[in-house]
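Novice: mind folding the following:
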Amino acid sequence: MKYMKLGSKPDAFQADGSNVRFVATELATDVVVNVGDVKFYLHKFPLLSKSSRLKNLVSTINEDNNDEIDISDIPGGPAGFEICAKFCYGMIVTLNAYNVVTARCAAEYLEMHETVDKGNLIYKIEVFLNSSVFRSWKDSIIVLQTTKALLPWSEDLKVVSNCVDSIASKASIDSSEVEWSYTYNRKKLPSENGLDPHWNGVRKQQGVPKDWWVEDLCELELDLYKRVITAIKTKGRTSSEVIGEALKAYTYRRLPGFARGSVNEGGDVVKSRTLLETIVWLMPPDKGSVSCSFLLKLLRAACLLDCGEMSKKELVKRIGRQLEEASVPDLLIPALTGENTVYDVGMVLCIIEEFLVQENDGNHSRSQVSEELQDTKSPCIVAGTAKLAVSLLIDGYLAEIAKDPNLSLQKFIELAETISIAFRPVHDGLYRAIDMYLKEHPELTKSEKKKICGLMDCKKLSADACIHAVQNERLPLRVVVQVLFFEQMRASVTGVGAADQLPTSLGSFLPNLNGGSYRSSSKSAATTNTDDEWDVINSLKTVKLAAGKCAGSERSSGSSSDVHKISGGDDKAKGVILPKKILSKLLSGKAQGGENSSSSDTSESAVSVSINPEAGKSTPSRNVRHSVS
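Specialist: Model prediction:
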């Protein structure tokens, strides 16, 4: 820390209690200066030779005042006046970053200019500020902090603006040119203390990071911090990422509970709200200047603190621009008090809509760029990658909010439909979310279950998801059969004998496709089967036809390897067990249709039928549930 010593005489100021100060000399004092509650017993001559104001005040003293003058409104109070008084006496005074502004404002109040005496206090303080304080990073920050208690004097004397400009200039220079101790809050690195285990005796010059000044500025109050960051942005030599990092560090340091997500608990809510809105206002406009995770935390805090709509809209706009970077926990914004849901789904919907609007606008603008100026990466590919990431994000978010028993079906479907099915190459995440919702909402009607299951495309389920789906009793029968059908079609495309993969017991449930019994059977069953059961039967018939066609084409090839494939089966198809609910309904429908069947055909043993008959020996019990949730 820089300092300046003034005067040469010993300090002769003494105290008598807490409210009396006097100079210990042989000469009797002849003037009393009242500064607030403190009385200073001093001599006129030293004071009048340096201060024009005191000279004028002393000239107005009369006998009724008992040689007392009052200057209770002096900036800096008793401490500021004492510094000026000691200077008038020629006593040793040490100026530093903590008291220089106090002395400067008090000297200005007392009018200690060069016109009164050459080399007066104001001149010496100005020399100290310009030659030492404003050239020092640490001292400039300390001085700036002390100016707040001395407003408006410090502002009128341009001490504040000079400090702000000094700090902004130093923060804006290239980090390679930083030669001073660039931070006093940072702990030393092990290599700087000689404790680095990899230190081989050669001390390497530590590079100064670009954000070296970030932590130091967190010491400033909000209004001063705002002025400094604005000045740094105005100079235009600091990257938006570094400014964003500074805002992030300041928020975590100065906003109580922000890191824990409980900003409305304790502290001054109005002050916290002002701080958050200021941070949003200071953020650089460039995409990526702050992380999407930080933006979502700000939005969550803005909702809890009931910030203005402008701040919320700005955050939603920024989040939508880089939503693909977010994670599911970031989106779990708690619902406001009074709402019946756990999370604020409406806010997430607004974010996704903003993302889609900006993506569409970006695609439109990129399509207008000439091919010669386009980058090697296609804009469509970039946009598709972002939408793919967001679709996976939404599916994960749906799985989390599906656990809320108060989440309406309409809200769930509305959120799921925000991203087109085309941007979901795999529907496992969506299936998991739907399954979670069905589990938490068992009261759904049949039509509601059909509606929510209609969100997913069974063709886009992985093999593992298919295995889970065909054993999932929460799904409608139509969905389960669709999964079976598309799994069979997938097996046929990969070269597996689909017809031979069909279980014989399942094939026996299907009507005779070539014989006349099909017509009579369907006629007799028409009066007893429900629409869902007919959908199941028709779907199974389609599976049988598709599988038979595939098997016939493979038999005609006559390849020995193909025969081996048919007999061996596909590993992914093994162990797919038909749910008891499906088989029981199919069996009941067949019995009502008038077909002859023995009791053994409708026994519980039919539950363990698998796609590969040989796999039934090692297939686990039907009671064992798969879970993707």
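
Novice: going by C-alpha atoms from here, please, whenever you check contacts or count neighbours.
Specialist: Fine.

Novice: ok, the spatially closest residue to residue 241 that is not a sequence neighbour - contacts?
Specialist: Nearest in space to residue 241, with sequence neighbours left out and distances taken as C-alpha to C-alpha, 6 or more residues apart in numbering, is residue 289 at 4.3 Å. Residue 289 is in contact with 240, 241, 242, 243, 244, 245, 283, counting by C-alpha atoms under 8 Å, 6 or more residues apart in numbering.

Novice: which residue ranges of the stretch 1-150 of the chain form strands?
Specialist: Assigned by DSSP state E, counting those that start in this stretch, the stretch 1-150 of the chain shows strands spanning 3-6, 13-15, 20-23, 31-35, 38-42, 68-70, 93-96.

Novice: closest one to residue 472 among those strands?
Specialist: strand 93-96 (76.2 Å; C-alpha to C-alpha).

Novice: which strands border that closest one, and is each parallel or antiparallel?
Specialist: Each strand that pairs with strand 93-96, with its direction, by DSSP bridges: strand 3-6 (antiparallel).

Novice: ok, residues contacting the partner strand?
Specialist: By C-alpha under 8 Å, 6+ apart, strand 3-6 touches 87, 90, 91, 92, 93, 94, 95, 96, 97, 128.

Novice: just stretch 387-398 next, same as before
Specialist: 323-324, 326-328, 331-332, 412, 415-416, 419, 423-424, 429-430, 433.

Novice: pull out the buried positions in it.
Specialist: With burial defined by 16 or more other C-alpha atoms under 10 Å, the residues of stretch 387-398 counted as buried are 387, 388, 389, 390, 391, 392, 393, 394, 395, 396, 397, 398.

Novice: may I have that stretch exported as PDB, CA atoms only?
Specialist: Output of stretch 387-398 as PDB, limited to C-alpha atoms (Å, rounded to 0.1, in the frame of the first residue of the first chain):
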ATOM      1  CA  LYS A 387     -32.600 -29.400 -31.600                       C
ATOM      2  CA  LEU A 388     -31.500 -33.000 -31.000                       C
ATOM      3  CA  ALA A 389     -29.800 -31.900 -27.700                       C
ATOM      4  CA  VAL A 390     -32.900 -29.900 -26.700                       C
ATOM      5  CA  SER A 391     -35.200 -32.900 -27.500                       C
ATOM      6  CA  LEU A 392     -33.100 -35.100 -25.200                       C
ATOM      7  CA  LEU A 393     -33.200 -32.400 -22.600                       C
ATOM      8  CA  ILE A 394     -37.000 -32.100 -22.800                       C
ATOM      9  CA  ASP A 395     -37.400 -35.900 -22.500                       C
ATOM     10  CA  GLY A 396     -35.300 -35.900 -19.400                       C
ATOM     11  CA  TYR A 397     -37.200 -32.900 -18.000                       C
ATOM     12  CA  LEU A 398     -40.500 -34.700 -18.700                       C
END
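
Novice: same question for that stretch, mean pLDDT?
Specialist: Average pLDDT, stretch 387-398: 92.

Novice: before we move on, what about stretch 321-336?
Specialist: So the average pLDDT for stretch 321-336 ends up being 91.

Novice: got the CA positions of it in CSV?
Specialist: Taking Å, rounded to 0.1, in the frame of the first residue of the first chain, the C-alpha atoms of stretch 321-336 are listed here in CSV:
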residue,chain,number,x,y,z
ARG,A,321,-30.4,-18.8,-27.5
GLN,A,322,-28.2,-21.5,-25.9
LEU,A,323,-30.7,-24.0,-24.4
GLU,A,324,-28.8,-26.9,-25.9
GLU,A,325,-26.1,-26.3,-23.2
ALA,A,326,-28.6,-26.8,-20.3
SER,A,327,-29.1,-29.8,-18.1
VAL,A,328,-32.3,-31.2,-16.6
PRO,A,329,-31.5,-30.0,-13.0
ASP,A,330,-31.1,-26.5,-14.3
LEU,A,331,-34.7,-26.5,-15.7
LEU,A,332,-36.3,-27.6,-12.4
ILE,A,333,-37.5,-24.1,-11.5
PRO,A,334,-39.7,-24.3,-8.4
ALA,A,335,-43.3,-23.1,-8.9
LEU,A,336,-44.4,-19.9,-7.2
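
Novice: so what's the closest residue to residue 279 other than its chain neighbours up against?
Specialist: Counting by C-alpha to C-alpha, 6+ apart, residue 247 is the residue found nearest to residue 279 once chain neighbours are left out, at 6.4 Å. Residue 247 is in contact with 279, 282, 283, counting by C-alpha under 8 Å, 6+ apart.

Novice: can you rerun that using 10 Å?
Specialist: 214, 217-218, 225-226, 229, 241, 253, 278-280, 282-284, 290 (C-alpha atoms under 10 Å, 6 or more residues apart in numbering).

Novice: mark which of those residues are buried, thanks.
Specialist: When the contacts of residue 247 are checked for burial by 16+ other C-alpha under 10 Å, the buried set is 214, 217-218, 225-226, 229, 241, 278-280, 282-284, 290.

Novice: buried set for stretch 158-173?
Specialist: Buried residues in stretch 158-173, counted by 16+ other C-alpha under 10 Å: 159-172.

Novice: same check on stretch 320-327?
Specialist: In stretch 320-327, counting by 16+ other C-alpha under 10 Å, buried: 320, 321, 322, 323, 324, 326, 327.

Novice: export stretch 25-42 as CSV, just CAs?
Specialist: Output of stretch 25-42 as CSV, limited to C-alpha atoms (Å, rounded to 0.1, in the frame of the first residue of the first chain):
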residue,chain,number,x,y,z
THR,A,25,1.8,22.8,24.4
GLU,A,26,3.0,25.5,26.8
LEU,A,27,0.8,28.0,25.1
ALA,A,28,-2.8,28.3,26.2
THR,A,29,-5.5,27.5,23.5
ASP,A,30,-7.6,30.3,22.2
VAL,A,31,-10.2,28.7,20.1
VAL,A,32,-12.6,25.8,20.4
VAL,A,33,-13.7,23.9,17.3
ASN,A,34,-16.9,21.8,17.7
VAL,A,35,-17.1,18.9,15.3
GLY,A,36,-20.2,16.9,16.2
ASP,A,37,-19.8,15.7,19.8
VAL,A,38,-16.0,16.3,19.9
LYS,A,39,-14.4,19.5,21.1
PHE,A,40,-11.0,20.5,19.8
TYR,A,41,-9.0,23.0,22.0
LEU,A,42,-6.6,24.6,19.5
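
Novice: can you tell me what sits against it?
Specialist: 12-24, 43-45, 47, 54, 58, 61, 65-74, 77-82, 85, 89.

Novice: what about it, average pLDDT?
Specialist: 90.

Novice: one more: stretch 428-435?
Specialist: 93.

Novice: can you pull out the helices in the stretch 101-250 of the chain?
Specialist: Secondary structure of the stretch 101-250 of the chain by DSSP state H, counting those that start in this stretch: the helices cover 121-131, 137-146, 153-156, 159-172, 190-193, 214-217, 222-235, 240-254.

Novice: ok, back up a step: just the ones of the contacts of stretch 387-398 in helices?
Specialist: Counting by DSSP state H, the contacts of stretch 387-398 place 328, 331, 412, 415, 416, 429, 430, 433 in helices.
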